[in-house]
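Q: Got a predicted structure plus its sequence, pasted below:
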Amino acid sequence: MSSCAIVWFRQDLRLGDNPALVDALNRGFAVVPVYIHAPGEEGKWPPGGATKFWLHQSLKSLDKDLHDHKSKLILRTAGSSLDELRKLIKETGATAVFWNRRYEPAAIERDTTIKESLTKADIEVHSYNASLLFEPWTIKNKSEKPFRVFTPYWRHCLSIAEPPHPVSKPEQIKAPAKFPHTIKLDELELEPKIKWAEGIREAWTPGEAGAHKQLEKLLENVLANYGEGRNRPDQVGVSRISPHLHFGEVSPRQIWHRVKHEVGTKRGAKAKEGAQIYLKEIVWREFAYHLLYHFPHTEHVPLDEKFRHFPFKRDARALKRWQKGLTGYPLVDAGMRELWHTGWMHNRVRMVVGSFLVKDLLLPWQAGAKWFWDTLVDADLASNTMGWQWVAGCGADAAPYYRVFNPTLQGKKFDPEGDYVRRWVPELAGLEGDKIHTPWLLSDEELEQAGIVLGKSYPTPIVDHSVARLRALDALKSIKEDTILK
DNA sequence: TTTTGAGTTGTTCGA
DNA sequence: GTCGAACAACTCAAA
């Protein structure tokens, strides 16, 4: 009888390119696949509503895939993953634990403790890289420091060896003589009690198979025109792979090599360009992990210290209007409602709503990050932190202080026919073309024809953007002067 | 070693 | 209508 090992699944909910699983099998272990739900161990960032919903579907899918390999997923819920692993070791007689690494500050701390404790107890522990092309500690600039600017980071990544090829999906997964007890998926209470998530359910197919379908769609329909298409929320121009990547249903290595291979078979310069831009986005994700690893405090405070005294406002009512998509700026509102309805928002629109929250409303970026954390199915601590600090201008390679997005201009540029707004803000749907981006500029007659009563059926703008812009520039100047005084 | 040039995603103003 | 300049300060890499 061979000994058995626990393969602890975390943010790697897949069988393909799963080095922990494959190596456990290669070493001859029978495998007990385990998922432990321990939200209390995620520091200040326990999974939000949308994340939990996705997780439920993804675990279900993983369990099914394991069943197809004559195995199954053992589910547990715990206050302490270490205690639960110890219990599982006792129950199964396992002599080893395998997992793929995570990189968030709280997860690193937890995993380090677990590794030490288990090793001391004579349990073999093996951990692997499965969710990054480049682990953060392996990338340094010429002065041996972490990069703080993206372009040099990107060039550096291109100059070193290609990321390794993915490992293949095991054909068989050796089962233990007896599986330990598992609780039912419903007992994790991940799905909402009231049915608010049906829009998410309709919009996505969580799980490894769904992830790969999405990747094929990217290659077939999106990549060739990615350079321009990625800016168009009214079109199918982006990958929509972020939530799959976040949960590890597909790995960046799989994406990297699949995209490279696809490009190799194509001639068009545009297709090559599109692929390169897409891969750059994948490396932005890597950069986010790089930053969070080297500057872990940035999950709460700005990387740029002078922003710690930025005169942010506290305005619960304005925050609520932003969250609900009732700011009176159609593109902002469309984005916030797309988010609420589908658990996702187009990246171009994320920048616009982010800029609006921080610069037009002068609300702290942390409030935006928190809302995104709860509502996004792709909520990822590294990407979320970097994205919000970028838009606020307080992070690495940040937007210059004078860059304040104009929500109507962005609307006219990137949603020129107004189709995106029409879809998510139905009370404006009666307006034709790009007029939909500026309802407050329309005549009474035009509004009446479209069945709109400004201030009733759709709000008047919460702030005047041109005034708010100047206010933001003033606020930004004030912290600049602060640093001179110091 | 020091200097220089460039750097994800923009907007406004004035010529 | 179009176009270039201006809007900081700092990091990084190349010269």
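A: Happy to help now that I have it. Residues are numbered from 1 along each chain as shown, chains lettered A, B, ... in the order given.
Q: alpha carbons only for contacts and neighbour counts from here, please
A: Fine.
Q: which regions of the stretch 1-150 of chain A sit below the pLDDT cut-off?
A: A:1-2 (pLDDT under 70).
Q: residues from it in reach of DNA strand C?
A: A:141, A:142, A:143, A:145, A:146, A:147, A:148, A:149 (Cα under 7 Å from any atom of the strand).
Q: What is the longest strand belonging to chain A packed up against?
A: Assignment by DSSP state E gives strand A:30-37 as the longest strand of chain A. Strand A:30-37 sits against strand A:4-9, helix A:19-26, strand A:74-77, with contacts defined as 3 or more Cα pairs under 8 Å, 6 or more residues apart in numbering; DSSP states H and E.
Q: Turn the ones you listed into CSV, including mean neighbour count.
A: Listed next are those as CSV, based on neighbours: other Cα atoms under 10 Å:
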stretch, mean neighbour count
strand A:4-9, 25
helix A:19-26, 21
strand A:74-77, 20
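Q: Let me have the ones you listed in CSV, adding distance to residue A:433 as columns.
A: CSV is the format used below for these (distance: least, Cα to Cα, whole Å):
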stretch, distance to residue A:433
strand A:4-9, 48
helix A:19-26, 51
strand A:74-77, 51
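Q: quick one on the thing from earlier: got a winner among the residues of the stretch 1-150 of chain A next to DNA strand C for most neighbours?
A: In terms of neighbour count, residue A:147 stands highest of these at 23 neighbours, by other Cα atoms under 10 Å.
Q: who's in contact with it?
A: A:139, A:140, A:141, A:153, A:291 (Cα atoms under 8 Å, 6 or more residues apart in numbering).
Q: Can I take it that it is in a strand?
A: No. Counting by DSSP: H, G, I helix; E, B strand; the rest coil, residue A:147 falls outside a strand, being coil.
Q: got the buried residues for the helix ranked longest in chain A?
A: For chain A, the helix that runs over the most residues, judged by DSSP state H, is helix A:269-294. Within helix A:269-294, the residues that count as buried by 16 or more other Cα atoms under 10 Å are A:271-279, A:282-294.
Q: got the residues of chain A near DNA strand B?
A: So chain A meets DNA strand B at A:149-152, A:281, A:284, A:348, A:387, A:390, A:397-399, A:402-407, A:409-410, A:466 (Cα under 7 Å from any atom of the strand).
Q: what does the stretch 251-400 of chain A put close to DNA strand C?
A: Applying Cα under 7 Å from any atom of the strand, we find that the stretch 251-400 of chain A lies next to DNA strand C at A:399, A:400.
Q: What residue in the stretch 251-400 of chain A comes nearest to DNA strand C?
A: Ranked by Cα to the nearest atom of the strand, the top residue of the stretch 251-400 of chain A for proximity to DNA strand C is residue A:400, at 3.7 Å.
Q: That residue: what's it in contact with?
A: When contacts are counted by Cα under 8 Å, 6+ apart, residue A:400 touches residue A:393.
Q: and it, that's in a strand?
A: No. Counting by three-state DSSP, residue A:400 is not found in a strand; it is coil.
Q: Give me the distance between it and residue A:393.
A: Distance of residue A:400 to residue A:393, given as Cα to Cα, to the nearest Å: 6 Å.
Q: Residue A:192 and DNA strand B: what is the separation?
A: 31 Å (Cα to the nearest atom of the strand, to the nearest Å).
Q: So what does that residue look like in phi/psi?
A: phi -70, psi 150 (degrees, to the nearest 10).
Q: ok, now residue A:55?
A: According to degrees, to the nearest 10, residue A:55 has phi -60, psi -40.
Q: which two in the contacts of residue A:147 are spaced the farthest apart?
A: Greatest spacing in these, by Cα to Cα: A:141 and A:291 (13.2 Å).
Q: How about the contacts made by the closest residue to DNA strand B within the stretch 1-150 of chain A?
A: Nearest residue of the stretch 1-150 of chain A to DNA strand B: residue A:150, at 4.2 Å (Cα to the nearest atom of the strand). The contact partners of residue A:150, taken as Cα under 8 Å, 6+ apart, are A:284, A:287, A:397.
Q: now the helix or strand containing residue A:228, how far from the centre of its chain.
A: Counting by DSSP states H and E, the element that carries residue A:228 is helix A:226-229. Distance, stretch centre to chain centre, for helix A:226-229: 20 Å (Cα atoms, centre = their mean, to the nearest Å).
Q: Show me what it is packed up against.
A: Against helix A:226-229 (3+ Cα pairs under 8 Å, 6+ apart) you get helix A:269-294.
Q: just the CA coordinates of stretch A:229-240, formatted as CSV?
A: What follows is stretch A:229-240 as a C-alpha-only set of coordinates in CSV (Å, rounded to 0.1, in the frame of the first residue of the first chain):
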residue,chain,number,x,y,z
GLY,A,229,-11.0,46.7,-29.1
ARG,A,230,-9.8,46.6,-25.5
ASN,A,231,-10.9,50.2,-25.1
ARG,A,232,-14.5,49.6,-26.2
PRO,A,233,-17.0,48.7,-23.5
ASP,A,234,-19.7,48.6,-26.1
GLN,A,235,-18.0,45.8,-28.0
VAL,A,236,-16.6,42.3,-27.3
GLY,A,237,-13.0,43.6,-27.2
VAL,A,238,-11.5,42.2,-24.0
SER,A,239,-10.6,38.8,-22.7
ARG,A,240,-12.9,38.5,-19.7
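Q: What are the contacting residues of that stretch?
A: Here stretch A:229-240 makes contact (Cα under 8 Å, 6+ apart) with A:214-215, A:217-218, A:222, A:225-226, A:228, A:346-349, A:414-415, A:418-420.
Q: Just the buried ones among the residues you listed, please.
A: Neighbour counting with 16+ other Cα under 10 Å marks A:214-215, A:218, A:222, A:225-226, A:346-347, A:349, A:414-415, A:418-420 as buried within those.
Q: my guess is residue A:323 meets residue A:336, correct?
A: Yes. Here residue A:323 lies in contact with residue A:336, judged by Cα atoms under 8 Å, at a distance of 6.3 Å.
Q: Can you pick out the residue with more neighbours from those two?
A: residue A:336 (28 against 23).
Q: and that one, what element?
A: Using DSSP H and E, residue A:336 sits in helix A:330-342.
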